[in-house]
Every structure is written in C-alpha cells, then in structure tokens.
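Asks: Need the 3D shape of this:
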Amino acid sequence: MSKNDEIGKAFDFDLFKRVFAHTRPYRVTFWVVAVVAILSAAFAVLTPILVKFIIDEPLTNRDGEQLLTVVLVMLGALVGQVICQLSFNYYANLLGESVIKDIRVRLFQRMMGFKMTYFDNSSIGVLVTRAVADMQRIGEIFSQGFFVIVADLLKMVSGAAVMLFINWRLALIVFAILPVILIATRLFQQAMKVAFIEVRAQVSNLNSFVQERIAGMKIVQLFNREDIEKEKFRKINEKHQNAWLKTVWYNSIFFPIAEISNSIGIGLVVYFGIIQNIDNIGLDTKGSIFAFFFLMDLLFRPLRQIADKFNTLQMGMVAANRVFKILDTESQIPDNGTLKKDEVKGNIRFTDVRFGYLENEEVLHGISFDVKAGETVAIVGATGAGKSTIINLLNRFYEINSGDILIDGHKIQDYTLRSLRSHIAIVLQDVFLFADSIANNISLRDGTVRLGDIENAAKQIGVHEFISSLPGGYQYNVKERGSMLSSGQRQLIAFLRAYVSNPSILILDEATSSVDTYSEQLIQRATDKITEGRTSIIIAHRLATIKKADKIIVMDAGKIVEMGTHKELIKKGGYYNDLYEAQFLAEEVA
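Replies: Purely as a prediction, here's the structure:
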C-alpha cells in the first residue's frame, strides 16, 4: 500500500468499527465510560450557571446565607466533576489496555503461524514496531482519542445550549468565531495526518536499523564499520527528527490561532455586552456576562483539544490499519490435517518432490528417497545443493510445489502441524537460545519436563559435567541468543534440548561444523547415543563424522546424484569420493 493510499485509509469507518468490535467483551466498562462522559459534561455546564446565579442573587441581594448554600452546591459540582474525570481517565485507559491486550495476543498468535517465507521477506524491526509501538497507539484511540472527543463535544453542545438560553444574540456573536477555528482545525488535521504517517514510517525504519545493528554488532566492530554505521544512523535519525518537527510546526501554527480566536471572542462579548448598550441585545444581568466567559472557555478549549485528540485518533487508526494488515495476511501453513499420533515409527519417503523459495526458481528438482525407521541417513553436498531445504520441507516450514512427503505411509499434510512437529527434533548449525536459564532453554518451559529429567539426559549424553561447571549450573542465564556461551557450548545445549524431547525423528543440520575439537567429541559421543533406535537424518559438512551412516545421500544443484554407504560410494569413485578426498587432503594440509 502506498503512502497516499494509507493516508486515504487512515480514518475509514469500516476500520473504526473493526477496532471497536474488540470492546464487546468489555461492554460494562464501555458504558461506564459513556455515562461518566455525560455526567462530566453536565457538571461542567453547571458551574457557569451557578456563577451567574451567585452574581445575580446572593451578591446583588447581599444574602450571605444563600451565598454559602450556592457555594457549597458549586463545591459539590466541582467534586463531582473531579470524580467523573478520574473515573473517565481510569476506565477509558482500562478499556484501551484491555482491547490492545486482546489484539496483541491475536497478532502474536497470527505471526507464530506464518510461513517462513513471510519472515524471510519481512523486517524484524518493523514487526516489533507493529506488536509494541503501533499497538500502544491503538490503545490511545480509547484512552486519549474517541472518548475524549465525545466528552468534549458533549461539553461544547451543552455550553452552546446554555449560551443560547441565557442570551441568543450574544451567543450568535460568539458562534460567528467558530468557522475560523473549524477551518483551521480541518487544515490542521489534514496536515497532521500526513505527518503522522511519515512519523510511523520513520519509527519503523529506526527500529529496524537499530535492531539489526545491535544483533550484528560483532560484524560491525570486526570490520571497523562503526563510522559508516554511525553516519547511516545519523541520516535515518535525522529523517525521524524531521518527521516529528513537522508535527511540532503544525502545532505551533494552529494553537496560537485558536488562542487568538478565543481572545477575540472574549473581546467581542465585552464590547457588545458592556461597552455598548447591554439592554439593546437583551442582556438583563451582570451574571450573564461572567457566565459567558466560563461558557466560552467551555466551548473553545474543548475545540482546541478535539483537534489535538483527533490527531491521536488518527495515529491510532494508522497504527490499527497496519496491525490489521498483518492480521489479514494469508501466509499460514494450511493446518487441515486430522491425523494425530502419540508415536510414529519414523519411516520417511520423499517422492518426486519439487520446491522453490521463489516462483519459477526451483531449488529441488524431483527428489526421491526412502529412510527406514531407525536408520541413520546422511545428506551431503556442496553449499546450496538443497540439503537444508529437505529439512525445512519435512517440518512443513514451507509447502512443496509438487510430489509427496510421507511419514509412516501418511502424507505430512494429513498430520496436524502440532502432531507432525512433536515427533521431530532438530539441531541447527545456527543455534538460537533465549535469554533464560539453561534448564528453561532445554525444556522450553514445558511443565512436563522436570529438572531431574534434564540432568539424567545430560548425564547420558555426557554434557552434565560441562553444565555443572557453569555458575548456577542448570540455572545459569545464557543471556540474549546465548551470548554467554561459546558456539560449541550452545551447540551442546541445543543437542540436549533435542534429546530431552525424545523425538521419533532426529535431524542434525551441520551440528558439528562450527565447534571446537572437545565439543565435537562430546557431540559425536552424544550422536551415537541419541540416534540409537530412532530415525536420524544428518546433514554433514565434515564427511568423517558420517562414515557409520546406514545410507549417504549425495546432492548437487537440487538433485540426488549418488546414494549408498560410505564404502560403496568410495568404491564407486564418483562425486562423493571426490568430496571426501578433497576434504581429507585439506585437513592434512591444515
């Protein structure tokens, strides 16, 4: 969607109704806010009426007892107004926070179901902005936007009605100023709408840049990119600043115009109500003049606030449009399968599988192979041969273009996603750990996995000693992305995580390609343990680690070029033999 389209859609009533549909579970809170807004308007107009009465009656008649009574009534009205304002602020914010809580949960749940393709093509910083900053803007629709506007409109209408009742001629003089403020308000709203959309775009760009650079700080420092990245950040930050300065500029123009208009209105009331013949315009009491001063403030001040609050509403609507755009995105892996199995044997079959990440750019060209239950199968080949793609398809991170993938004779589409993935565990080359304890990174906060189970599993595969040596042992916090551990240690944690899940199918994707010799020995020993009795697929870079595999699949450019055991492939003297000899010679030279 272009920026112009977004501006046009920034406040449409269909979107507005869609946002407000989320208030249905909170009907009681909604009506409390509405009633309090009405009472607040009533208390607001009561004060000018009481002021008029005080000047015309107790003060004119010098009636102290009556004055005390009216002052107490006014005090009660002020207390009531304060209570209404406090209640309004609390319940309007409560409603807003409740709504964005529900929408944020829906958004996060929606994003968790997206295909990997969506994340491949999306900025993480932008998605974070949508889930956090934009979501807060939606909450402001309720707490600082719509309900405040409605409450202010009620005060304005009530104030105008009282003005007409007191003296319609003087009221019309005041109303004559309104077109100036209304025109200025309309122009202000249009300008701010464009400015706010630019602000949100620059906030997203800023978040994306900062998130990406912080995540890649090692590369920035390793290649001495600090000055270059600083200059890029300065330019992005300058655009962000300029976008906000536009809003400041528009505010600087509008609010003085509103103040001048208010002052002109006061001057006209004084001129026509006092300096000239008051009786000619039907004004009978002095209290009416003072009442008009209060009522004008009740008329003009909310009008100025409405302009400001309407901008808040506009920003909320722009944010809602962007959030709902993600909610409306159709990028889910179809989860139409009905097959749920507590156990699978682990028989895998690929039949003429074709796939491409991009349209008309095929990565796998008719792949077919079988893996029997309990077998260990290795997949080797040069970078880009399609090895990891096979793993992505087996887990249904992506959907195949054609062909079939079967587990125990059933197409993977026949399984529910939860059931399918519950039987598969993966250890990736690039291990991701959460900023949490080792125990929680292994169990992923699964309540059925106890600490004792983790410790027993760690002992079985030989990593208990390593974990116990860390401060706090299994409660050691590895920080964001496991930054407190070495790459080899992270790999061991990921290996234990896979083992604890007790999968029927185990996948090791280049699990030993970036670890030290000691960690490799631990992982190799663990591999022998964890692959016992279960189907295992090993994507290997170092061919020496897969000699014991029951079958080796050799891939090149998205096709299977050879298949057999290590001895069979070496004896054949083909592609695999060339890879093995090249790697063996390279290790000897090293």
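Asks: my guess is Ile326 meets Val128, correct?
Replies: No - with contacts counted by CB atoms under 8 Å, Ile326 stays clear of Val128, the gap being 11.9 Å. No exception for glycine: its C-beta is placed from N, CA and C like everyone else's.
Asks: what stretches of the stretch 151-300 of the chain score poorly on pLDDT?
Replies: Filtered on pLDDT under 70, the stretch 151-300 of the chain yields the residue ranges 218, 222, 270-285.
Asks: where do the helices sit along it?
Replies: 168-175, 178-215, 217-222, 226-270, 286-327 (DSSP state H, counting those that start in this stretch).
Asks: Give me the more crowded residue out of Ile326 and Val128.
Replies: Neighbours were counted for Ile326 and for Val128 using other CB atoms under 10 Å; Ile326 has more, 20 against 15.
Asks: Show me what stretch 85-99 is in contact with.
Replies: 19, 22-23, 25-26, 29-30, 32-33, 36-37, 40, 138-143, 147-148, 151 (CB atoms under 8 Å, 6 or more residues apart in numbering).
Asks: Give me the buried entries from those.
Replies: Among the contacts of stretch 85-99, the ones that count as buried by 16 or more other CB atoms under 10 Å are 19, 22-23, 26, 29-30, 32-33, 36-37, 40, 138-143, 147-148, 151.
Asks: just the helices of the stretch 151-300 of the chain: most buried one?
Replies: With neighbours defined as mean count of other CB atoms under 10 Å, the helices of the stretch 151-300 of the chain peak in mean count at helix 286-327, which reaches a mean of 21.
Asks: one step back: can you tell which of the helices of the stretch 151-300 of the chain is closest to Met116?
Replies: With CB to CB, the closest approach to Met116 among these belongs to helix 286-327: 15.9 Å.
Asks: Show the subsequent helix or strand relative to the closest one.
Replies: Going down the chain from helix 286-327, the next helix or strand is strand 348-355, by DSSP states H and E.
Asks: Parallel or antiparallel, list what pairs with the next helix or strand after that following strand.
Replies: Toward the C-terminus, strand 348-355 is succeeded by strand 364-371 as the next helix or strand (DSSP H and E). Take DSSP bridges as the rule and strand 364-371 pairs in its sheet with strand 348-355 (antiparallel).
Asks: So for the partner strand, what gets flagged as buried?
Replies: Neighbour counts over strand 348-355 (16+ other CB under 10 Å) mark 348-350, 353, 355 as buried.
Asks: Same check on stretch 568-576?
Replies: Of the residues in stretch 568-576, those buried (16+ other CB under 10 Å) are 569, 575-576.
Asks: Just send those back as CSV, with distance to Ala435, secondary structure and pLDDT too.
Replies: Below are the buried residues of stretch 568-576 laid out as CSV (distance: CB to CB, whole Å; DSSP: H, G, I helix; E, B strand; the rest coil; pLDDT from 0 to 100):
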residue, distance to Ala435, secondary structure, pLDDT
Leu569, 43, helix, 86
Tyr575, 43, helix, 84
Tyr576, 42, helix, 83
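Asks: With respect to Phe13, which of the residues you listed is nearest?
Replies: Of all those, Phe13 sits closest to Tyr575, with 64.1 Å by CB to CB.
Asks: Can you give me every residue that contacts the closest one?
Replies: Contacts of Tyr575 by CB under 8 Å, 6+ apart are 554, 556, 561-562.
Asks: Reformat the buried residues of stretch 568-576 as a markdown table; add distance to Lys101.
Replies: Output for these, formatted as a markdown table (distance: CB to CB, whole Å):
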| residue | distance to Lys101 |
| --- | --- |
| Leu569 | 57 |
| Tyr575 | 56 |
| Tyr576 | 56 |
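Asks: Closest to Ser331 out of those residues?
Replies: Using CB to CB, those come closest to Ser331 at Tyr575, 37.1 Å.
Asks: that older thread, which two among the contacts of Tyr575 are spaced furthest apart?
Replies: Greatest spacing in the contacts of Tyr575, by CB to CB: Asp556 and Glu562 (8.8 Å).
Asks: So if I had to pick from those two, which one is more boxed in?
Replies: Shown here are Asp556 and Glu562; by other CB under 10 Å, Glu562 has more neighbours (19 against 16).
Asks: What sits closest to the more buried one if chain neighbours are left out?
Replies: Val554 (3.9 Å; CB to CB, 6 or more residues apart in numbering).
Asks: if I look at that neighbour, how far off is Thr47?
Replies: Going from Val554 to Thr47 by CB to CB, to the nearest Å gives 87 Å.
Asks: More neighbours: which of these two?
Replies: Val554 (23 against 17).
Asks: Run me through the strand neighbours of the helix or strand harbouring the more buried one, direction for each.
Replies: Here Val554 sits within strand 551-556, counting by DSSP H and E. In the sheet, strand 551-556 lines up against strand 376-381 (parallel), strand 559-564 (antiparallel) (DSSP bridges).
Asks: highest average neighbour count across those strands?
Replies: strand 376-381 (a mean of 24).
Asks: before we move on, back to that, dump the strands paired with strand 551-556 into TSV; add mean pLDDT and distance to Ala425 as well.
Replies: As requested, the strands paired with strand 551-556 are exported to TSV (pLDDT from 0 to 100; distance: least, CB to CB, whole Å):
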stretch	mean pLDDT	distance to Ala425
strand 376-381	88	14
strand 559-564	89	24
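Asks: Any idea which helix or strand in this structure has the lowest mean pLDDT?
Replies: helix 3-9 (a mean of 46; mean pLDDT, DSSP states H and E).
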